[in-house]
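K.L.:
sequence first, then the predicted structure, then my questions.
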Amino acid sequence: ENVKLAPGANLMPRASFEAWSESVRGRSLDWSLAEVESCSRLVRQLVDARNNQRVRRLNGELANSLKENEALLHQKDFLLQEVNHRVQNSLALVSSFLRMQRRGAGEEVKMQLEEAERRLIAVSLVYRRLYLTECISIVDLSRYLSELCSEIQTAMDPKWATHITLDFAPVLVTTDRAISVGLIVNELITNATKYAYGGAPGPLSVVLEQHRKNLRIVVSDHGEGKGNITKGTGFGSRMLEALVEQLHGHIEYVDNSPGLRAVVALPVQAPNKPSTV
């Protein structure tokens with residue numbers, strides 16, 4: 001039986017079986033498994049929707065970046081073509097001037113002008129190869145030296161073609177080092193053709209090897225050898241020593257029994273400069 005109590009009266013469960021009522025706020029009945037699963041699905045859908053929105057925004061930004069990069073690549077290709085055209089024209093003009101100077105020059109001056117023209121060829125080939133490849137900072141040294149030696153032979157006595165042997169291992173170097181290596185090989189071949197057999201054709205070997213982080217260039221002949229006579233003390237030899245030193249390498253002349261073997265050893269990559277504080 002329900003009994004009405006006076007306001008403020010205390011109910012004692014063990015002393016009374018009278019009923020009472022209570023108002024509760026901020027609480028709910030325990031959720032069922034179905035309700036918990038439904039809420040979990042809703043949370044997952046909301047998270048997926050937020051992630052999809054982020055992905056769409058990132059895709060839009062990526063698409064804009066790709067368009068900008070494509071435009072930059074087209075611009076780079078145009079600039080490379082223009083630079084290559086200007087450089088090749090300038091080098092060709094200088095080469096033409098050297099050929100004109102050779103016409104009325106004496107034998108010694110003519111020989112020096114021919115050497116200068118071959119040095120121009122070494123530089124020109126690098127720029128030509130850079131434009132033909134996608135990578136503008138790395139050069140395949142074996143292919144570059146093969147083309148360089150072919151160009152050098154065009155200016156030599158045709159009989160040399162049957163005496164020169166090439167053996168180049170594939171080595172990748174930076175553009176600036178490739179130019180210097182090309183000039184070094186040009187000087188070594190020039191010295192060998194001038195002094196090894198007294199200017200006449202003879203066996204000549206040009207080798208490019210790689211040993212871990214170092215490369216080695218070996219130009220050898222079976223001619224007169226070094227002996228006690230010091231040759232090649234002119235501009236070409238000074239330039240050769242400066243180039244080898246610039247590449248942090250060293251050059252050595254070894255008796256080839258018979259003949260002479262010039263060995264240039266240098267690192268494939270330029271040594272890291274110590275940081276300064």
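P.N.:
Perfect, thanks for sending it.
K.L.:
could you list the low-pLDDT ranges of the stretch 101-250 of the chain?
P.N.:
126-136, 227-234 (pLDDT under 70).
K.L.:
all helices for it, in order.
P.N.:
107-132, 141-154, 175-195, 235-246 (DSSP state H, counting those that start in this stretch).
K.L.:
can you list these in JSON lines and add distance to residue 224?
P.N.:
Bear in mind the C-beta positions are built from the backbone N, C-alpha and C, glycine included. Below are the helices of the stretch 101-250 of the chain laid out as JSON lines (distance: least, CB to CB, whole Å):
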{"stretch": "helix 107-132", "distance to residue 224": "18"}
{"stretch": "helix 141-154", "distance to residue 224": "21"}
{"stretch": "helix 175-195", "distance to residue 224": "7"}
{"stretch": "helix 235-246", "distance to residue 224": "17"}
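K.L.:
which of those sits most buried?
P.N.:
Greatest average neighbour count among the helices of the stretch 101-250 of the chain goes to helix 175-195 (a mean of 21), per mean count of other CB atoms under 10 Å.
K.L.:
put the alpha carbons of that one into PDB.
P.N.:
Output of helix 175-195 as PDB, limited to C-alpha atoms (Å, rounded to 0.1, in the frame of the first residue of the first chain):
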ATOM      1  CA  THR A 175      79.200  17.000 -65.100                       C
ATOM      2  CA  ASP A 176      82.100  19.200 -63.900                       C
ATOM      3  CA  ARG A 177      84.300  16.200 -63.100                       C
ATOM      4  CA  ALA A 178      83.500  14.700 -66.600                       C
ATOM      5  CA  ILE A 179      84.800  17.800 -68.300                       C
ATOM      6  CA  SER A 180      88.000  17.700 -66.300                       C
ATOM      7  CA  VAL A 181      88.500  14.000 -66.900                       C
ATOM      8  CA  GLY A 182      87.900  14.500 -70.600                       C
ATOM      9  CA  LEU A 183      90.600  17.200 -70.700                       C
ATOM     10  CA  ILE A 184      93.000  14.900 -68.800                       C
ATOM     11  CA  VAL A 185      92.400  12.100 -71.300                       C
ATOM     12  CA  ASN A 186      92.900  14.500 -74.200                       C
ATOM     13  CA  GLU A 187      96.200  15.700 -72.800                       C
ATOM     14  CA  LEU A 188      97.500  12.200 -72.100                       C
ATOM     15  CA  ILE A 189      96.600  11.000 -75.600                       C
ATOM     16  CA  THR A 190      98.100  14.100 -77.200                       C
ATOM     17  CA  ASN A 191     101.400  13.600 -75.300                       C
ATOM     18  CA  ALA A 192     101.500   9.900 -76.300                       C
ATOM     19  CA  THR A 193     101.000  10.600 -80.000                       C
ATOM     20  CA  LYS A 194     103.700  13.300 -79.900                       C
ATOM     21  CA  TYR A 195     106.400  11.600 -77.900                       C
END
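K.L.:
who are the packing partners of that helix?
P.N.:
Under the contact definition 3 or more CB pairs under 8 Å, 6 or more residues apart in numbering; DSSP states H and E, helix 175-195 sits against helix 107-132, strand 138-140, helix 141-154, strand 204-211, strand 214-221, helix 235-246, strand 260-267.
K.L.:
between helix 141-154 and that helix, find me the angle.
P.N.:
40 degrees (axes from the mean of the first three to the mean of the last three CA atoms, to 10 degrees).
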